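**Q** Structure for this input, please:
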Amino acid sequence: MTLLTFLCQLISTTTFILMCHLILSKRLPRKITYPLYLYTIFICIFLAPFSGQYGIPIFLLGAIIILLFHKKDRLYNLLFFQILWAWSVLTDYAVTIPLRIAGYDFDVILTSLPLTLLFSILHALLCILPCLFIGNRLHRKLVTDQNVIPPRIQLLLFLEVTICSCIFLINIIFGSLLHYPSDILFFNGILIFCFATANVLIFLMLYNTLQANKKLELQAREQENLTHYMAQLENHYQDIRRFKHDYLNILSTITGYIQENDMDKLRNYFDSSIVTSSSILVNQDDTLARLSLIKVTEIKGLLYTKMVQAMNRQLDVSFELTQEITELSTDLLTLSRVLGIFLDNAIEAASETEQKRFHIAIVCKVHSVIFHIENSTKPLLFPLEELFKPSISSKEAHSGLGLPTANMLIANAPELTSNTICENGLFKQILVVSNFKKNYHNIS
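**A** Modelled structure (predicted):
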């Protein structure tokens, strides 16, 4: 192996490792990425010069075995690794074919330092720049839309890409046996390009379809929340009617105690029956009255549903809102998902404490609306910043994806900002919706 061949192989290996680092490193722990990188270096630098194209199946098989040791998102990792390899092959052809047309065979390229550097740099740029562009975006999408693609569809995509990889391998090895004549080189390049384009189009169409279905599912859930809200309103109205119906009977009972001048029994009856029933009715009525100030039906239905869940868990529920809200300047689906995560976490955490505090306040300012969600909490098991990392949760048997998902949704919505505070046994989530165009009215 000549020095220029080694240089070209070294740059190509480094390029592929950088591609894996940009796309896979955020989804894999170091105990997987480090062996994967070392294995790539060993195969590409030390084995490939002696095995040639026959080393590619060994490389892919060993890398797949390493990735299988990480159970989380296993199919995604296997799928993306094969896509990265196919993209590396495709860009290799994209550089080699024009140079072949210009009269420079690959053997000639490896005899000239300028041509070797030109080939390696062009190949590296074509490989790395797309990964730089889509790496963070892809990670955010997979976190925020982690359940969009069902496991069975993931398996089908993996099998389809695997079949394409096998076809690529057969053509590459067959071409190497014939020493890559121009017609075979062009055929392989066109074949790989067509397969890659078809796979990208299939994935995009599938993803858009599944994402649309996910939105329809969320909208159906919101409609269910609204239906539940209306049912609760009706139940509350029936409670008021029953209370009014029993009003005369209550007065008759009180009259009996008064006529007998039995003040002790009257006091006990008043404290145990009348005060308890009336306070529950007043509290529910106050909550409903304040929710009626929210004219954004989706958010009103979500808040009411979560508050009813909190009441059913015997939490100390309080709600503050003094101004009417008619519009929120953000995507309501995104806002509903973020609020739903914050409220669910607050209810679960408050249920595990003695105080059982669950408080919601909505503050309207000139150009923003602030949602303040506060709950009592046990001491955190991790530092506060750790809760926003995937797989970290302060609750047992939880995936820990709620807060990271909410953070990703907020990061993708410029009008949303959030702040988290945990102090004195209280956990506070503050969500700000900016660019609020005075779509509220002071009621007080």
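**Q** Could you pull out the helices in the stretch 251-400 of the chain for me?
**A** 263-269, 275-291, 297-312, 332-351 (DSSP state H, counting those that start in this stretch).
**Q** Taking helix 297-312 as reference, get the angle to the last one.
**A** The reference is to helix 332-351. Inter-element angle recorded for helix 332-351 and helix 297-312: 10 degrees (by axes from the mean of the first three to the mean of the last three Cα atoms, to 10 degrees).
**Q** rewinding a little: got the helices of the stretch 251-400 of the chain as CSV, with distance to Q323 and mean pLDDT columns?
**A** All C-beta spots, glycine's among them, are computed from the backbone N, C-alpha and C. Converted to CSV, the helices of the stretch 251-400 of the chain look like this (distance: least, Cβ to Cβ, whole Å; pLDDT from 0 to 100):
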stretch, distance to Q323, mean pLDDT
helix 263-269, 41, 71
helix 275-291, 10, 59
helix 297-312, 14, 84
helix 332-351, 18, 91
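**Q** possible to save these as a markdown table with distance to V363 and mean neighbour count?
**A** Rendered in a markdown table, the data for these read as follows (distance: least, Cβ to Cβ, whole Å; neighbours: other Cβ atoms under 10 Å):
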| stretch | distance to V363 | mean neighbour count |
| --- | --- | --- |
| helix 263-269 | 41 | 12 |
| helix 275-291 | 13 | 14 |
| helix 297-312 | 14 | 20 |
| helix 332-351 | 15 | 20 |
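**Q** Which among these is found nearest to F319?
**A** helix 275-291 (5.4 Å; Cβ to Cβ).
**Q** which stretches of this structure form strands?
**A** Using DSSP state E, the strands assigned to the chain run over residues 316-320, 323-325, 357-364, 368-376, 416-423, 426-434, 440-442.
**Q** Considering those, which stretch scores lowest in mean pLDDT?
**A** Least confident of the strands of the chain, judged by mean pLDDT, is strand 440-442 with a mean of 50.
**Q** Indicate which one of the helices of the stretch 251-400 of the chain is closest to F16.
**A** Nearest of the helices of the stretch 251-400 of the chain (Cβ to Cβ): helix 332-351, 36.1 Å.
**Q** still on that earlier bit, right, so of the helices of the stretch 251-400 of the chain, which gets closest to I23?
**A** Closest of the helices of the stretch 251-400 of the chain to I23 is helix 332-351, at 25.3 Å (criterion: Cβ to Cβ).
**Q** and that closest one, what does it pack onto?
**A** Counting contacts by 3 or more Cβ pairs under 8 Å, 6 or more residues apart in numbering; DSSP states H and E, helix 332-351 packs against helix 182-245, helix 297-312, strand 357-364, strand 368-376, helix 402-411, strand 416-423, strand 426-434.
**Q** I'd like the strands of the chain as JSON lines, with mean neighbour count and distance to P114 appended.
**A** Shown next, in JSON lines, are these (neighbours: other Cβ atoms under 10 Å; distance: least, Cβ to Cβ, whole Å):
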{"stretch": "strand 316-320", "mean neighbour count": "16", "distance to P114": "71"}
{"stretch": "strand 323-325", "mean neighbour count": "17", "distance to P114": "66"}
{"stretch": "strand 357-364", "mean neighbour count": "20", "distance to P114": "65"}
{"stretch": "strand 368-376", "mean neighbour count": "21", "distance to P114": "58"}
{"stretch": "strand 416-423", "mean neighbour count": "14", "distance to P114": "51"}
{"stretch": "strand 426-434", "mean neighbour count": "19", "distance to P114": "54"}
{"stretch": "strand 440-442", "mean neighbour count": "14", "distance to P114": "67"}
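**Q** Rebuild these as JSON lines, extending it with distance to L201.
**A** Compiled in JSON lines, the strands of the chain are given as follows (distance: least, Cβ to Cβ, whole Å):
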{"stretch": "strand 316-320", "distance to L201": "49"}
{"stretch": "strand 323-325", "distance to L201": "43"}
{"stretch": "strand 357-364", "distance to L201": "44"}
{"stretch": "strand 368-376", "distance to L201": "40"}
{"stretch": "strand 416-423", "distance to L201": "32"}
{"stretch": "strand 426-434", "distance to L201": "36"}
{"stretch": "strand 440-442", "distance to L201": "46"}
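**Q** so which of those gets nearest N213?
**A** strand 416-423 (24.3 Å).
**Q** Now find how far off-centre the closest one is within its chain.
**A** Offset of strand 416-423 from its chain centre (Cα atoms, centre = their mean, to the nearest Å): 18 Å.
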